[in-house]
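# Just to be clear, the model below is a prediction. Sequence and coordinates:
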Amino acid sequence: MDKGFKILERMVQAADIRQKVIASNIANSDTPGFKAKDVKFNNLLGKEMKLSATNPKHIGGGKAGEISTRTEVENNLSWEDRNNVELNVEVARMTENALLHDTAVTILSSKIRMFKNAIRTK
């Protein structure tokens, strides 16, 4: 099927994983010593977003890998209790992530509608 479906599926999955990490940060905003984490978007899609190599001489091609769930600890300044969660930053990340998720779902829905229309007209 269309490669776009696979990319959009991974984007939705990536947004879901990142949402859980951000929610954990917010839930632990008052936990002494807790360090905020984030999942970097580049890691989430693995090799899916890289160009496919159609020739062995191409650089950067490869098969799609699994979505990375590796989180990275944020190195912001800590509060007195050694907790570095900043609620305004986490809410901004959550909003950005929700927009990414909603956009991917909207595009995916449009692609499905286009395929349905193409099948219906045959």
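Received, thanks.
# What segments of the protein are helices?
Under the criterion DSSP state H, the chain carries helices at the ranges 3-27, 41-44, 87-121.
# Would you format these as CSV with distance to residue 34, mean neighbour count and mean pLDDT included?
From N, CA and C alone the C-beta is placed, and that goes for glycine too. As requested, the helices of the chain are arranged in CSV below (distance: least, CB to CB, whole Å; neighbours: other CB atoms under 10 Å; pLDDT from 0 to 100):
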stretch, distance to residue 34, mean neighbour count, mean pLDDT
helix 3-27, 8, 17, 91
helix 41-44, 22, 15, 57
helix 87-121, 12, 13, 93
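# closest one to residue 80 among those helices?
Taking CB to CB, helix 87-121 is the member of these nearest to residue 80, at 16.0 Å.
# and the closest one, what does it pack onto?
Other elements packing on helix 87-121 under the criterion 3 or more CB pairs under 8 Å, 6 or more residues apart in numbering; DSSP states H and E are helix 3-27.
# related to what we said a few turns ago, export the helices of the chain as TSV, with columns for distance to residue 80.
Listed next are those as TSV, based on distance: least, CB to CB, whole Å:
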stretch	distance to residue 80
helix 3-27	18
helix 41-44	31
helix 87-121	16
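# Please name the residues that touch the nearest residue to residue 101 once chain neighbours are set aside.
Excluding the flanking residues, the one nearest residue 101 by CB to CB, 6 or more residues apart in numbering is residue 15, at 3.7 Å. By CB atoms under 8 Å, 6 or more residues apart in numbering, residue 15 lies in contact with 97, 98, 100, 101, 104.
# can you rerun that using 6 Å?
By CB atoms under 6 Å, 6 or more residues apart in numbering, the residues touching residue 15 are 97, 100, 101.
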